[in-house]
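A.B. asks: Here is my input, please return the structure:
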Amino acid sequence: MLRDKRQEYLVALILVGPFVLIYGALFVWPTIQMAMLSFTKAPLIGTGDWVGWDNYVKILSHKLFHQAFWNTAYFVLLTVIPNTLVSLVIAMAVNRLKGPVQGFVLACFFLPYILPVSVVFLTWNWIIDVQYGLVQGLVALFNGGQPISLTRTIPLFMPTVAFVTLWWTMGFNILLFIAGLRNISPEIYEAASLDSAGRWRQFQKITWPLIWPVTALVLTIQLIAQLKIFDQVYLFSIGGRQDATITLVQYVYKLAFQQNKGGEAATAAMLLFLMIIVLSVLQYQVLRARGEK
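C.D. replies: As a prediction, the model looks like this:
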């Protein structure tokens with residue numbers, strides 16, 4: 001029995017070992033290096049003097065960091081919950097379709113998700129263009145007949161980019177919700193119908209509780225993804241007031257690649273890293289606890 005146990009441990013080590021080595025080399029060790037770099041006054045490439053917690057004090061008191069934090073929080077508010085709710089509604093509608101029609105409609109919603117961010121940017125930059133954009137006619141109705149640059153007007157910038165992000169990313173969430181909906185047995189709905197339960201009652205008592213684990217997963221994935229928002233905000237802000245619309249990842253990019261402050265950039269990255277861990281774990285635990293009630 002002892003020899004069998006050793007053989008099991010050896011097989012487990014052989015199977016898990018390559019992943020552990022690769023994970024440690026590509027994630028754990030770079031993370032440790034970044035944490036150590038955050039305590040130094042180093043350039044982007046090279047070493048620097050040890051400054052202890054000075055970088056953290058400096059970054060946390062920096063006005064631009066505060067601006068980036070609130071912009072990121074605002075973007076998360078505009079995208080995470082709306083994206084989840086819209087994806088759930090669309091998934092429930094698509095799930096009622098049958099045959100090739102369902103596949104075609106699902107493909108139409110999922111197609112934007114596979115597009116690179118550059119294509120998404122160019123497409124929507126053309127659609128919202130102030131001179132010939134397709135949506136400017138609709139915008140003019142709410143602006144006294146005058147077109148307006150949606151990405152050059154600061155109050156409209158984040159809502160515009162959030163809408164583009166929702167259009168771009170909700171296809172994957174729809175797939176997750178459809179997978180969850182298909183795991184619900186039709187017999188449960190048939191029994192509810194026999195008890196004269198309407199569609200809203202069925203959603204409250206059957207669909208929503210049984211789809212809640214998928215909802216918690218989608219919310220957590222969206223929270224992590226939107227806290228790391230960079231590409232579309234950076235592209236849409238080119239030529240505009242980038243500091244007014246800066247996000248946390250943009251702030252790290254600015255420190256590292258534009259100002260050559262590797263130590264401070266690592267500090268900002270560590271703060272973002274800790275923020276993502278704390279918020280995602282806290283949210284997932286709260287959602288899971290709510291689902292168990």
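A.B. asks: How many neighbouring residues does residue 93 have?
C.D. replies: Counted with other Cβ atoms under 10 Å, the neighbours of residue 93 add up to 11. Every C-beta, even on glycine, is put in place using the N, C-alpha and C of the backbone.
A.B. asks: Give the rounded mean pLDDT of the host helix or strand of it.
C.D. replies: Following DSSP states H and E, one finds residue 93 within helix 63-95. Averaged across helix 63-95, pLDDT comes to 94.
A.B. asks: Just the buried positions in it, please.
C.D. replies: 65, 67-69, 71-72, 75-76, 78-80, 83-84, 87-88, 90-92, 94-95 (16 or more other Cβ atoms under 10 Å).
A.B. asks: Over to stretch 184-201?
C.D. replies: So, applying 16+ other Cβ under 10 Å, buried residues of stretch 184-201: 192, 197.
A.B. asks: now what about that stretch, what contacts it?
C.D. replies: Under the contact criterion Cβ atoms under 8 Å, 6 or more residues apart in numbering, stretch 184-201 has outside partners 202, 205-207, 210-211.
A.B. asks: what's the neighbour count on the residue lying closest to residue 172 once chain neighbours are set aside?
C.D. replies: On the basis of Cβ to Cβ, 6 or more residues apart in numbering, the spatially nearest residue to residue 172 that is not a chain neighbour turns out to be residue 113, at 5.1 Å. When neighbours are counted by other Cβ under 10 Å, residue 113 registers 16.
A.B. asks: And the residue most central in space within the chain, how far from residue 83?
C.D. replies: Against the mean C-alpha coordinate of the chain, by Cα atoms, centre = their mean, the closest residue is residue 225 at 2.1 Å. Shown here: residue 225 relative to residue 83, a distance of 9 Å by Cβ to Cβ, to the nearest Å.
A.B. asks: any residues in contact with both of these two?
C.D. replies: For the pair residue 225 and residue 83, residues contacting each of them under the criterion Cβ under 8 Å, 6+ apart are residue 169.
A.B. asks: Pull out the buried positions in stretch 40-55.
C.D. replies: By neighbour count, and taking 16+ other Cβ under 10 Å as the criterion, the buried residues in stretch 40-55 are 40-42, 44, 51, 55.
A.B. asks: sorry, back to before: most neighbours, which of the contacts of stretch 184-201?
C.D. replies: Neighbours here are counted as other Cβ under 10 Å. On that basis the top member of the contacts of stretch 184-201 is residue 211, with 22 neighbours.
A.B. asks: Could you pull out the strands in the stretch 1-150 of the chain for me?
C.D. replies: The residue ranges that make up the strands of the stretch 1-150 of the chain, judged by DSSP state E, counting those that start in this stretch, are 40-41, 49-50.
A.B. asks: Save those as TSV, and put in mean pLDDT and distance to residue 158 too.
C.D. replies: Formatted as TSV, the entries for these read as follows, by pLDDT from 0 to 100; distance: least, Cβ to Cβ, whole Å:
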stretch	mean pLDDT	distance to residue 158
strand 40-41	90	33
strand 49-50	89	38
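A.B. asks: Need those in a markdown table (columns: distance to residue 252).
C.D. replies: What follows is the strands of the stretch 1-150 of the chain, written out as a markdown table (distance: least, Cβ to Cβ, whole Å):
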| stretch | distance to residue 252 |
| --- | --- |
| strand 40-41 | 16 |
| strand 49-50 | 21 |
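A.B. asks: which of the contacts of stretch 184-201 lies closest to residue 159?
C.D. replies: Distance to residue 159, by Cβ to Cβ, is smallest for residue 211 among the contacts of stretch 184-201, at 27.8 Å.
A.B. asks: Quickly find the element holding the closest one.
C.D. replies: Taking DSSP H and E as the definition, one finds residue 211 inside helix 208-227.
A.B. asks: Give me the helices and strands touching that helix, please.
C.D. replies: For helix 208-227, the contact count by 3 or more Cβ pairs under 8 Å, 6 or more residues apart in numbering; DSSP states H and E identifies helix 63-95, helix 154-182, helix 262-292 as packing neighbours.
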